[in-house]
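Novice: predicted model, plus sequence, below.
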Amino acid sequence: MSPKYYLPLFALLVSLSFLVHHLVPPYLPVGEQLLANTTFSQDGQAWEKRYKPSTGGITIQPNQVTLSTYSQPTSLQLFQTIDAKLLNKYVLFQASAKGLNIIPGKHSWNKGRILLVQYVNQKPVYSEPHHLTALEGSTGWEKYTRLFTLDLKTEYISINLQLSHATGKLQCKYLTLYNAVPNPLYAKLRILIMGVWGLFCLALFSHYLQHTRFLTRLALLFTILTLLFGVTMSATLKNDLKNQINHEIEHTAQNAQQQLQHMQNWMYRKAETASQASRNASSAADKQAPPTNNESSFHITKLAHLLLFMVLGMLLQRTGSKPTRQIVLDLLLLACITETLQLFIPGRSALWVDVGIDLSGGLTGIFFFQIFLQRNIMKGVEEQCKE
């Protein structure tokens, strides 16, 4: 398919995808408002306050509440709990918030936050998504909306307005919480758009698949399908897979470190002329803590995208059916397609930085293949000269 045909079609599909994403809600609110006293009348009746040593306070006004503090040891919280018996599987939470000179504390959660926290066995489950927003610095009034999926074991939820170990002011108003059901119109449009994008990808790469050897064609098709499967994977499945891989990496790294320490200890014991400094170094090495999650975990999904696009770049260059600039354009389009598709996957989002990562992987694959090809050409020339 010529660029003069598929570039306008690509622009049209992207426009339609963004229009559907922004104009057609995936879930519809049903039933009555689940939060009580969202106008904060009668001094915030139905809302509970929680203070730790404070230099600020919670100011309740009609239709608005302000949490303010000027000392980071301070923790302010206004919250309301709702029994899970009143809730469906999906709830739609919405609020408007504004931050005024919020200076975060030392931890990532020390900000002005609005949360929906699920409780199981009377304990908060922070492993589940719980942020509606987390503010720092100064922001204008913005409306935040998020769909939350509740665990079957959830006993109750807590809606929290929180300024924890951060200074500044957090203002909130117009809080709503409704049960939600899937929008049938969105479901049909989602299937239609994803199907059209699949056909577009098939047409985009059909030329490469027709003009190459069987094994290269098979590898090319497998790589493209793997990419599309990865980007259409649900956020829950993606996170479970990522956590499992990171756990295996951590486990392997800890075992390797333990083996290395055992080997070092054995060498130190066998050394007859070891100095005191060596013994001290051995003792210090034995006391080192195993790597933490932050040290061993990394963005495994971004690395996977980089490697898959690198393989794809090499395979497309290997076919030799299109000039390099055309291959780069096709890789760029595929990177944009993978991010656009994630608009329609629950819990996923489209990021421009991921487009850059994908394209970098593709360019790296093209570069490596060209070096490999050039070396083979030079080797062939040298052999002919010898003959």
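Specialist: Nice, thanks for sending it over. In this text the structure is predicted, and so the values were computed from the model without any measurement.
Novice: what's around the nearest residue to Leu343 once chain neighbours are set aside, how many residues?
Specialist: Distance criterion Cβ to Cβ, 6 or more residues apart in numbering; nearest residue to Leu343, sequence neighbours excluded, is His21 at 4.5 Å. The way it works is simple: take the backbone N, C-alpha and C, and place the C-beta from them, glycine included. Burial of His21 is recorded as 18 neighbouring residues (other Cβ atoms under 10 Å).
Novice: number the chain from 18, please
Specialist: I'll keep to 18 as the first residue from here, and by that count the last item is His38.
Novice: list the contacts of the strand or helix carrying His38.
Specialist: Per DSSP states H and E: His38 is located in helix 20-40. Helix 20-40 has contacts (Cβ atoms under 8 Å, 6 or more residues apart in numbering) with 203, 206-207, 210, 213-214, 217, 220-221, 343, 346, 350, 353, 357, 360-361.
Novice: would you map the helices across the stretch 18-167 of the chain?
Specialist: Counting by DSSP state H, counting those that start in this stretch, the stretch 18-167 of the chain has helices at residues 20-40, 58-61.
Novice: looking at those helices, which one has the lowest mean pLDDT?
Specialist: Per-stretch mean pLDDT for those is lowest at helix 58-61 (a mean of 82).
Novice: so which bits of that helix are buried?
Specialist: Gly61 (16 or more other Cβ atoms under 10 Å).
Novice: likewise for stretch 121-130?
Specialist: With burial defined by 16+ other Cβ under 10 Å, the residues of stretch 121-130 counted as buried are 121-122, 127-130.
Novice: would you mind writing the CA trace of the helix holding His38 as CSV?
Specialist: Once non-C-alpha atoms are left out, helix 20-40 reads as follows in CSV (Å, rounded to 0.1, in the frame of the first residue of the first chain):
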residue,chain,number,x,y,z
PRO,A,20,2.0,6.1,1.5
LYS,A,21,-0.3,8.4,-0.4
TYR,A,22,-3.2,6.1,0.5
TYR,A,23,-2.4,4.8,4.0
LEU,A,24,-1.1,8.1,5.5
PRO,A,25,-4.5,9.9,5.1
LEU,A,26,-6.3,6.7,6.3
PHE,A,27,-4.0,6.5,9.3
ALA,A,28,-4.7,10.2,10.2
LEU,A,29,-8.5,9.5,9.8
LEU,A,30,-8.3,6.4,12.1
VAL,A,31,-6.3,8.2,14.7
SER,A,32,-8.9,11.1,14.7
LEU,A,33,-11.8,8.7,15.0
SER,A,34,-10.1,6.8,17.8
PHE,A,35,-9.4,9.9,19.9
LEU,A,36,-13.0,11.2,19.3
VAL,A,37,-14.5,7.9,20.5
HIS,A,38,-12.1,7.8,23.5
HIS,A,39,-13.0,11.4,24.6
LEU,A,40,-16.7,11.5,23.6
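Novice: what residues sit buried inside that helix?
Specialist: The neighbour-count check on helix 20-40 (16+ other Cβ under 10 Å) flags 23, 27, 30-31, 34, 37-38 as buried.
Novice: quick check: Thr56 touching Asn80?
Specialist: Yes: counting by Cβ atoms under 8 Å, Thr56 touches Asn80, with 5.1 Å between them.
Novice: before we move on, what SS does Ser175 have?
Specialist: Look at Ser175: counting by DSSP: H, G, I helix; E, B strand; the rest coil, its state is strand.
Novice: just checking, it touches Phe96?
Specialist: Yes: checked against Cβ under 8 Å, the pair Ser175 and Phe96 is within contact range at 5.2 Å.
Novice: please report the distance of Gln274 from Leu320.
Specialist: Separation of Gln274 from Leu320 (Cβ to Cβ, to the nearest Å): 22 Å.
Novice: what's the following helix or strand after the lowest-mean-pLDDT helix or strand in the chain?
Specialist: Every helix and strand of the chain was ranked by mean pLDDT, DSSP states H and E. The lowest is helix 310-313, at a mean of 37. As assigned by DSSP H and E, the chain's next helix or strand after helix 310-313 is helix 317-336.
Novice: show me what that next one is packed up against.
Specialist: Contact partners of helix 317-336 among helices and strands, from 3 or more Cβ pairs under 8 Å, 6 or more residues apart in numbering; DSSP states H and E: helix 201-227, helix 231-248, helix 252-287, helix 341-358, helix 369-403.
Novice: just for the stretch 168-317 of the chain, where's the confidence low?
Specialist: Under the criterion pLDDT under 70, the flagged ranges of the stretch 168-317 of the chain are 251-268, 270, 281, 283-316.
Novice: rewinding a little: which one of the buried residues of stretch 121-130 sits closest to Leu104?
Specialist: Using Cβ to Cβ, Arg130 comes nearest to Leu104 of the buried residues of stretch 121-130, at 21.1 Å.
Novice: for the closest one, give its distance to Ser223.
Specialist: As judged by Cβ to Cβ, Arg130 and Ser223 stand 49 Å apart.
Novice: what about stretch 81-97, average pLDDT?
Specialist: 89.
Novice: can you mark which positions in that stretch are buried?
Specialist: Residues of stretch 81-97 classed as buried by neighbour count (16+ other Cβ under 10 Å): 82-86, 89, 91-95, 97.
Novice: could those go into a markdown table alongside distance to Thr150?
Specialist: Formatted as a markdown table, the buried residues of stretch 81-97 follow (distance: Cβ to Cβ, whole Å):
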| residue | distance to Thr150 |
| --- | --- |
| Val82 | 15 |
| Thr83 | 16 |
| Leu84 | 14 |
| Ser85 | 17 |
| Thr86 | 18 |
| Gln89 | 20 |
| Thr91 | 20 |
| Ser92 | 18 |
| Leu93 | 16 |
| Gln94 | 15 |
| Leu95 | 15 |
| Gln97 | 17 |
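Novice: may I ask which two of the residues you listed are separated the most?
Specialist: Farthest-apart pair in the buried residues of stretch 81-97 is Gln89 and Gln97; separation 25.6 Å (Cβ to Cβ).
Novice: from the chain's centroid, how far away is stretch 60-79?
Specialist: How far stretch 60-79 lies from its chain's middle: 34 Å, per Cα atoms, centre = their mean, to the nearest Å.
Novice: and what of stretch 101-115?
Specialist: Using Cα atoms, centre = their mean, the offset of stretch 101-115 from its chain centre is 22 Å.
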